[in-house]
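Asks: with the sequence up front, the predicted model follows.
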Amino acid sequence: MKNNKKVIITGGGGGIGRELANYLVDFSYLDITILDNNVKGSMDKRINVVGCDLAVEEISPEIEKIFYDSDYIFHLACIKPSERGTTKEEFLKNIKMTKNVAKFNKKSKIIYTSAGTIYGICDKFPIKEDEEVKCGITDWYCRGKLESENILREYSKKNKWKLVLLRITNIYGIDFRRNGEILSNFFESIIDDKSLDIYGSGKQKRDRIFIDDLVRALVFSLRDDIVGIFNIGSGKSYSTLKVAKMIGKILKRKYKIEFLDSENNGRKDNLLDIKKAKSILKFKPIVSFKKGLEVVINNWENERRNK
């Protein structure tokens, strides 16, 4: 009988990791282990949850053995930006986590969740994978993603294990609510009959991918023939003004907009070219932004109503 393949999900207690683990657990030939220092709520009993901090100087023998026995590693662990952004200390912790994953991996294929924002401010859209990376020197989150990519590439070349780097656009879903994100901010403001704060003209466009589509891209990356860099997005972008209009329509409410001075005069449009992912990864987003937004907003509205 063929032994099951062992899969590690670092940072598996987060929004992406939980969705991925719950998807993969139904594949009977995969054994799923989550490594995370902060897993909240219950998980499927078939998922092995191991509490650990990967941003430490010394990895325990128990964790080292888990890495040694694994076949695939989804490296999702990362301190996400808050409203204040990412601090240098958080950047250093993110780098340390990646170094430990790379150092203790012996043979596993690694799929790393990088960010489409590492391209910085671009003039041509959609942005292709060969575009020069120009993330700002003080943008600690993007710098962490870029340096993590470089660390993983170095170890992959040295130790001959396979590597997939997914440069992902903005992610949205029912469980993706944080301060500073316009979907949740607009929802709360419209529900509470407050004006929508929009920085700049509101014409800046963003590419967003629904969590279910992202999980599919991650799963497709498990294929043995898949290596390299892939942009993962929806293939379409919508302006801030359009997003506000769509949310207002879903909620069937009117709203007012207050335009504020932009904190950054640079161009903020974002749209990733996903042709390579479609051709090689065989990934094609199936949830339109309109449909995904309806699912998210209706869920949040029902949640508010039931409180």
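Replies: Everything's here; your move. Numbers count the residues shown, from 1 in each chain.

Asks: the host helix or strand of C142 packs against which elements?
Replies: Assigned by DSSP states H and E, C142 belongs to helix 140-159. Helices and strands touching helix 140-159, by 3 or more Cβ pairs under 8 Å, 6 or more residues apart in numbering; DSSP states H and E, are helix 88-104, strand 109-115, strand 163-168. Where you see a C-beta, it was placed from the backbone N, CA and C, and this is true even at glycine.

Asks: next, the angle helix 140-159 makes with the shortest one.
Replies: Counting by axes from the mean of the first three to the mean of the last three Cα atoms, to 10 degrees, strand 163-168 lies at 160 degrees to helix 140-159.

Asks: what mean pLDDT does whichever helix or strand comes after strand 163-168 get?
Replies: Using DSSP H and E, the helix or strand that follows strand 163-168 in sequence is strand 170-172. When pLDDT is averaged along strand 170-172, the result is 96.

Asks: contact partners of strand 170-172?
Replies: 15-16, 116, 183, 206-211, 214, 270, 292-293, 296 (Cβ atoms under 8 Å, 6 or more residues apart in numbering).

Asks: flag the least confident of those.
Replies: Among the contacts of strand 170-172, N270 has the weakest pLDDT, 89.

Asks: surely it is in contact with K205?
Replies: Yes - N270 lies in contact with K205 (Cβ atoms under 8 Å); the separation is 6.9 Å.

Asks: shared neighbours of the two, which are they?
Replies: S237.

Asks: between those two, tell me which one has more neighbours.
Replies: Between N270 and K205, counted using other Cβ atoms under 10 Å, the more crowded position is N270 (22 against 17).

Asks: contacting residues for the more buried one?
Replies: 116-117, 125, 127, 169-170, 205-207, 237.

Asks: just the element for it, please.
Replies: Short version, using DSSP H and E: N270 is in no helix or strand.

Asks: report the buried residues of the helix holding C142.
Replies: Neighbour counts over helix 140-159 (16 or more other Cβ atoms under 10 Å) mark 140-149, 151-152, 155-156 as buried.

Asks: kindly report the same for stretch 237-256.
Replies: 237-241, 243-244, 246-248, 250-251, 255.
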